[in-house]
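Visitor: next one to model:
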Amino acid sequence: MKIEQIYTGCLAQGAYYITSNGEAAIIDPLREVQPYIDRANKDGVKIKYVFETHFHADFVSGHLDLSKKTGAPIVYGPNAKPEFDFISALDGEEFKLGKVTIKVLHTPGHTMESTCFLLKDENGKDYALFSGDTLFLGDVGRPDLAQKAASMTQDQLAGLLYDSLNNKIMPLADDVIVYPAHGAGSACGKNMMKETVDTLGNQKKMNYALNQPNKEEFVKAVTDGLLPPPGYFGMNVAMNKKGIESFDTILEKGMKALTANELEAAVDVTDALVLDVRNAADFQKGFIPRSINIGLHGDFAPWVGSLIVDVKQPIILITDIGEEQESVTRLARVGFDNVIGYLAGGFDAWKNAGKEMDTVNRITAEQFKAELKVGESTVLDVRRDSEYSAEHVEEAFSRPLSEINIWFSSIDDSKPFYMHCAGGYRSMIAASILKARGIHNFKEIEGGFKAIAEAGVPKTDFVCQSKLIKS
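Guide: Next up, the predicted model:
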């Protein structure tokens, strides 16, 4: 028996590859499935099952492609009703995989079809729990995402989750290994550990959700402090239920090389969004006017999903040379399938063609310190509210990046302001969005709050009252 956790950091997502005696199962596969097939071929095993713990909201699964390419059936737990062929497993049903057994534990609460898969070893002993979004390390799945589909309130779903955990998972032995679907950084929970594997016994001791005295307190604890889910979650659920285009087709379409002139023509015809995925330092020196910067080497997919409203939006990519396919792949993972091409030769091709360029006015933390006039300067902090509340520049205002589509309209571009995040990644995203909307009268601070703190700029944990920049 072999278990491999295939963890994707930018999504904080764990897929699982399990083999025993010539047979393999994949749990919660990513959109691009060839790596699983390659692993199975290398190991000389046949993929027998594709297990899905639930209809994922934060990424588009590769279950359909994997099933079509291998012949392995897709298995969901009770209550799942996708629009494609699948096995609807019963609670307690067992599936043989070589010499081991995978038992279905229906655990509604995060969603109504949420299911954990309990792996029993060759001797029939409970060995590992693939807990999906029911149980995370340090947390449990948020119960607010499936309210509409289940015709239930988040409190009612939380109550179901309490029953599932206490009736199905807590009775399992302490030495059972827990393999969750997500880790720290995922929007599917609020208090996840950075570790991605643990024992159930340790979770029983330290997971706040498993240590509530009763159902009422559990409901309060798990629903307290939930942030609004990213906008793309509902669209990803629909895609996972209804079926999607093959990833191979998406990749072929997205890997169309465009010249600078062809890019301009394509934008005119399709109203495509030009998405520049280079790092912030390169982007600020020069970029295509009205393009949006979301760096590939950061929390790329979640920010794309949160800030680009429609997964059907046509997109043209600006990437570093050699990162075109990776960019298309990461977009497809969260359902953005309408990439229509990329700029061949990267941004240098645009520059060499003599096309119009824009820049971001980026200054150092030391320059910011020298220019800052307490009581007069306007400073926007685009970090999360929790980061801002812990400590921030004196008299700075909290304007989270996740809410930029709301607060940008309050900005008066005739009045200069400063803007920063924690390290520069998010503030450059915000800078690109503001400039695309005609707001240019600002300076973005290189290195973010970390550099600002090191420069000795006055800080406080006093929360400034809400203030619009427009008078």
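
Visitor: tell me the spacing between residue 17 and residue 364.
Guide: 46 Å (Cβ to Cβ, to the nearest Å). Any C-beta I mention is one placed from the backbone N, CA and C, and that applies to glycine too.

Visitor: apologies, that question was intended for residue 329.
Guide: 35 Å.

Visitor: tally up the residues packed near residue 264, please.
Guide: 18 (other Cβ atoms under 10 Å).

Visitor: neighbour count: residue 329 and residue 364, which is higher?
Guide: Neighbour count, other Cβ under 10 Å: between residue 329 and residue 364, residue 329 has more, with 18 against 14.

Visitor: I'd say the more buried one and residue 32 touch.
Guide: Yes. At 5.6 Å, residue 329 counts as touching residue 32 under the criterion of Cβ atoms under 8 Å.

Visitor: so what's in contact with the two at the same time?
Guide: residue 247 (Cβ atoms under 8 Å, 6 or more residues apart in numbering).

Visitor: where does the nearest residue to residue 1 once chain neighbours are set aside land on pLDDT?
Guide: Closest residue to residue 1 apart from its sequence neighbours, by Cβ to Cβ, 6 or more residues apart in numbering: residue 20 at 4.7 Å. For residue 20, the model assigns a pLDDT of 98.

Visitor: contacting residues around residue 20?
Guide: 1, 2, 97, 98, 99, 100, 122.

Visitor: now do the helices in the stretch 201-350 of the chain.
Guide: Secondary structure of the stretch 201-350 of the chain (DSSP state H, counting those that start in this stretch): helices located at 215-223, 233-242, 247-254, 260-270, 280-285, 300-307, 324-333, 347-352.

Visitor: run through the neighbouring helices and strands of the fifth one.
Guide: It refers to helix 280-285. helix 425-436 (3 or more Cβ pairs under 8 Å, 6 or more residues apart in numbering; DSSP states H and E).

Visitor: hmm, who's touching the helix it packs on?
Guide: Contacts for helix 425-436 (Cβ under 8 Å, 6+ apart): 276, 280, 283-284, 287, 289-295, 298-299, 303, 307, 358, 360, 380, 382-383, 401, 404, 408, 411, 419-421, 440, 442, 444-445, 448.

Visitor: show the buried residues in the residues you listed.
Guide: Neighbour-count burial (16 or more other Cβ atoms under 10 Å) applied to these gives 276, 280, 283-284, 287, 291-295, 298-299, 303, 307, 358, 360, 380, 382-383, 401, 404, 408, 411, 419-421, 442, 444-445, 448.

Visitor: so residue 116 makes contact with residue 131?
Guide: Yes. Under the criterion of Cβ under 8 Å, residue 116 makes contact with residue 131 at 4.9 Å.

Visitor: overlap in contacts, the two.
Guide: With Cβ under 8 Å, 6+ apart as the test, residue 116 and residue 131 both reach 53, 169.

Visitor: report the separation between residue 132 and residue 14.
Guide: For residue 132 relative to residue 14 (Cβ to Cβ), the value is 10 Å.

Visitor: now the common contact residues for these two.
Guide: With Cβ under 8 Å, 6+ apart, residue 132 and residue 14 have common neighbours 28, 180, 181.

Visitor: which residues does the last one contact?
Guide: Pointing back at residue 181 there. Counting by Cβ under 8 Å, 6+ apart, residue 181 touches 13, 14, 28, 53, 56, 130, 131, 132, 133, 136, 188.

Visitor: tell me the centre residue of this structure?
Guide: Centroid-nearest residue in the chain, with Cα atoms, centre = their mean: residue 302, separated by 3.5 Å.

Visitor: which residues does that one contact?
Guide: Applying Cβ under 8 Å, 6+ apart, we find residue 302 in contact with 10, 11, 58, 185, 187, 230, 334.

Visitor: likewise for residue 175?
Guide: Residue 175 is in contact with 199, 200, 201, counting by Cβ under 8 Å, 6+ apart.

Visitor: helix/strand/coil for residue 369?
Guide: helix (DSSP: H, G, I helix; E, B strand; the rest coil).

Visitor: same deal with the one 5 residues further on?
Guide: Residue 374 falls in the coil class when you classify it by three-state DSSP.

Visitor: now it: how far from residue 396?
Guide: Relative to residue 396, and taking Cβ to Cβ, residue 374 is found at 10 Å.

Visitor: so for stretch 310-321, mean pLDDT?
Guide: 96.

Visitor: can you pull the phi/psi pair for the spatially closest residue to residue 274 that is not a sequence neighbour?
Guide: Among residues not flanking residue 274 along the chain, residue 291 sits closest, at 3.8 Å (Cβ to Cβ, 6+ apart). When quoted as degrees, to the nearest 10, the phi and psi of residue 291 stand at phi -80, psi 160.

Visitor: and stretch 67-75, which residues are buried?
Guide: Residues 67, 69, 70, 72, 74, 75 are the ones in stretch 67-75 that count as buried (16+ other Cβ under 10 Å).

Visitor: tell me the contacts of the second one?
Guide: Under the criterion of Cβ under 8 Å, 6+ apart, the neighbours of residue 69 are 33, 37.
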